[in-house]
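Trainee: turn this into a structure:
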Amino acid sequence: MVFVKWVDKLNQVLEKLLGLVLAVMTLVVFYQVMVRFVLTSFGGQFSAPWTEELARYLMIWLVFIGGAVAARKANSLAVEILIQSVPPLVGRLVKIGSHIASLIFYAFIFVIGLVWIQFGLSETSPVMKVSMSYIYAAMSVGSGLMILNTITILVDAYVNKKDILEVIDVEVEEALADYKTNRKETAV
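Mentor: I've put the predicted structure just below:
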């Protein structure tokens with residue numbers, strides 16, 4: 001389906017963007033450490049207060065965009081063993097219910113983010129003098145992408161007839177196999 005492929009392409013771009021943001025954040029923090037500890041040990045009085053602020057704001061964006069990418073991969077915290085141990089129909093209903101509950105939660109975050117963006121229009125960051133609305137926008141952008149990715153999971157399951165109980169994570173699959181093996185051994 002075109003919609004699912006488009007969202008997956010968007011997530012690939014977002015993953016690359018996240019890598020870039022993480023690299024920039026790492027360089028900024030490294031620069032701060034060099035200025036604060038290494039250069040001052042040579043007697044210089046150097047300061048780079050913008051580095052802490054920039055690293056913090058990049059981290060905020062990293063968390064919200066990363067959460068959106070994780071939502072598409074269904075990599076959030078979940079108790080898969082519970083869903084796998086109940087009858088398949090019940091497991092599917094629980095899984096769909098959890099996605100719907102997540103959508104409601106993301107919608108609340110989206111709306112709260114819009115309120116904070118409005119609030120941030122009258123506020124600037126202390127050091128970099130950037131409008132705080134750009135930082136607060138991470139909530140709405142991230143939660144909007146989380147909504148898009150969760151809807152994509154549901155559409156992908158419905159249109160492509162994918163089993164919503166399909167486990168993506170290898171570690172979870174191994175744990176489930178161990179659980180099922182132990183359960184059969186205990187029953188015997």
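Trainee: who's in contact with the helix or strand bottoming out on mean pLDDT in the chain?
Mentor: Taking mean pLDDT, DSSP states H and E as the measure, the helix or strand of the chain with the lowest value is helix 170-187, at a mean of 73. Residues outside helix 170-187 that contact it (Cβ atoms under 8 Å, 6 or more residues apart in numbering) are 80-81, 84-85, 167. Backbone N, C-alpha and C define where each C-beta goes, glycine included.
Trainee: which residue is nearest the centroid of the chain?
Mentor: With distances taken as Cα atoms, centre = their mean, the residue of the chain nearest its centroid is residue 67 (0.7 Å).
Trainee: wait, doesn't it sit right on residue 139?
Mentor: No - assessed by Cβ atoms under 8 Å, residue 67 is found out of contact with residue 139, at 10.5 Å.
Trainee: of all the contacts of helix 170-187, which two lie farthest apart?
Mentor: 85 and 167 (12.8 Å; Cβ to Cβ).
Trainee: the two: who's more crowded?
Mentor: residue 167 (17 against 14; other Cβ atoms under 10 Å).
Trainee: what about the helices in this structure?
Mentor: Assigned by DSSP state H, the chain shows helices spanning 2-33, 40-41, 49-72, 80-85, 88-120, 132-159, 170-187.
Trainee: give me the mean pLDDT for the second one.
Mentor: Per-residue pLDDT over helix 40-41 has a mean of 77.
Trainee: residues contacting it, please?
Mentor: By Cβ under 8 Å, 6+ apart, the residues outside helix 40-41 that reach it are residue 46.
Trainee: ok now do the nearest residue to residue 96 once chain neighbours are set aside, which residues does it touch?
Mentor: Leaving aside its sequence neighbours, residue 96 sits nearest to residue 164 (Cβ to Cβ, 6 or more residues apart in numbering; 6.5 Å). Residue 164 makes contact with 92, 95-96, 153-154, 157, according to Cβ under 8 Å, 6+ apart.
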